[in-house]
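Participant: sequence first, predicted coordinates after that:
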Amino acid sequence: SYPLDVRHLNQPPPMTTSANRRPPIARNKLAEQVVERLRDMITEGHLAPGERIVEGDLGEQLGVSRTPLREALRSLAAEELVELTPSRGAYVRRFTPKEVADALDLIALLEAKAAPLAVANANPEDIAQLRLLHDAMMAYYGKGERLQYFKLNQAFHSAIVGLSRNMALIQCHTRLQSGQKRIRYVGHEGADGWSGAAAEHEEMIAALEARDEHALAEVLRRHMAHTWDRVREFT
């Protein structure tokens, strides 16, 4: 079955309300924690698209040296969240409206392709795990915790694609979804946009539990089309 571990979902989330009030990073698993912290800062807009990343200032803010910070920036460059250039340094990646629209269109195609494969491959345990993930995500929605909701939202989409068992599809989806974190996050800023996205997720889990591949593919395509409607003004 698809290795989706949801045992951690009821644990308290880390502090993420303000970039300036975040706790110092522990030394264990330092590189991974720096990557996650910077990824969250980019997602939430504390590091804005096109903004130059000043290593000294950022390292001081996070309480880390330049070595783990540079390792983190290289990892985020591989995720297409950061651009590294020899002459200009590190910048938060900025996507053009066409790049965003093209990426969302391809994500929709990939997820619709994955839908019938996920329905065919999922066993009852897989579906139960997706239900737990969905319910945890909706609990964050109910509490208005947008970043934690968004992380589980991304995990839910990845899990459906993962059930396709198609590694080429999974890798392509992972790359595209990773680079679009910030723009997809802002699609939940308005109450109407967020409630609409949450309602579509209710349809997704219902279609999966009913093993209705056509309904699942349709709502995934519609969800991505609505995502573009929700984010186009921010591109």
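Facilitator: Looks like it came in fine.
Participant: by contact count, what packs against the helix ranked longest in the chain?
Facilitator: Longest among the helix segments of the chain by residue count, using DSSP state H, is helix 97-121. Secondary-structure packing of helix 97-121 (3 or more CB pairs under 8 Å, 6 or more residues apart in numbering; DSSP states H and E): helix 146-162, helix 167-179, helix 213-231. Backbone N, C-alpha and C define where each C-beta goes, glycine included.
Participant: so which helix or strand takes in the closest residue to residue 226 other than its chain neighbours?
Facilitator: Closest residue to residue 226 in three dimensions, ignoring its sequence neighbours and counting by CB to CB, 6 or more residues apart in numbering: residue 196, at 6.3 Å. Using DSSP states H and E, residue 196 falls within helix 191-209.
Participant: again with residue 90
Facilitator: strand 89-92.
Participant: buried residues, that strand. List them.
Facilitator: 90, 91, 92 (16 or more other CB atoms under 10 Å).
Participant: rewinding a little: and the helix holding residue 196, average pLDDT?
Facilitator: Per-residue pLDDT over helix 191-209 has a mean of 92.
Participant: for that helix, which positions count as buried?
Facilitator: For helix 191-209, by 16+ other CB under 10 Å, it's 193-194, 196-198, 200-201, 203-205, 207-209.
Participant: out of those, who's nearest residue 81?
Facilitator: residue 197 (21.2 Å; CB to CB).
Participant: with adjacent residues omitted, what lies nearest to the closest one?
Facilitator: residue 188 is the one closest to residue 197 (CB to CB, 6+ apart), at 6.1 Å.
Participant: now residue 137
Facilitator: residue 152 (3.8 Å).
Participant: and the one you found, what's its pLDDT?
Facilitator: So, for residue 152, pLDDT stands at 96.
Participant: pretty sure it is in contact with residue 133, am I right?
Facilitator: Yes. At 6.1 Å, residue 152 counts as touching residue 133 under the criterion of CB atoms under 8 Å.
Participant: can you pull up the most central residue in the chain?
Facilitator: Centroid check for the chain by CA atoms, centre = their mean gives residue 154 as the closest residue, at 4.0 Å.
Participant: how far away is it from residue 147?
Facilitator: 11 Å (CB to CB, to the nearest Å).
Participant: repeat for residue 160
Facilitator: From residue 160 over to residue 147 (counting by CB to CB), the distance is 21 Å.
Participant: swap in residue 60?
Facilitator: Taking CB to CB, one finds residue 60 at 23 Å from residue 147.
Participant: the more surrounded of these two?
Facilitator: Shown here are residue 60 and residue 147; by other CB atoms under 10 Å, residue 147 has more neighbours (16 against 10).
Participant: now do the same contact list for residue 96.
Facilitator: residue 235 (CB atoms under 8 Å, 6 or more residues apart in numbering).
Participant: find me the pLDDT at it, would you?
Facilitator: Taken from the predicted model, the pLDDT recorded for residue 96 is 92.
Participant: and the one 3 residues further on, by the same measure?
Facilitator: pLDDT for residue 99: 93.
Participant: and for this structure, the residue most distant from the center?
Facilitator: Outermost in the chain, CA atoms, centre = their mean: residue 87 at 30.0 Å.
Participant: wait, a helix at that residue?
Facilitator: No. Assigned with DSSP: H, G, I helix; E, B strand; the rest coil, residue 87 falls outside any helix and is coil.
Participant: tell me the spacing between it and residue 226.
Facilitator: 40 Å.
Participant: thought residue 115 was touching residue 212, still the case?
Facilitator: No. With contact defined as CB under 8 Å, residue 212 does not reach residue 115; the gap is 9.4 Å.
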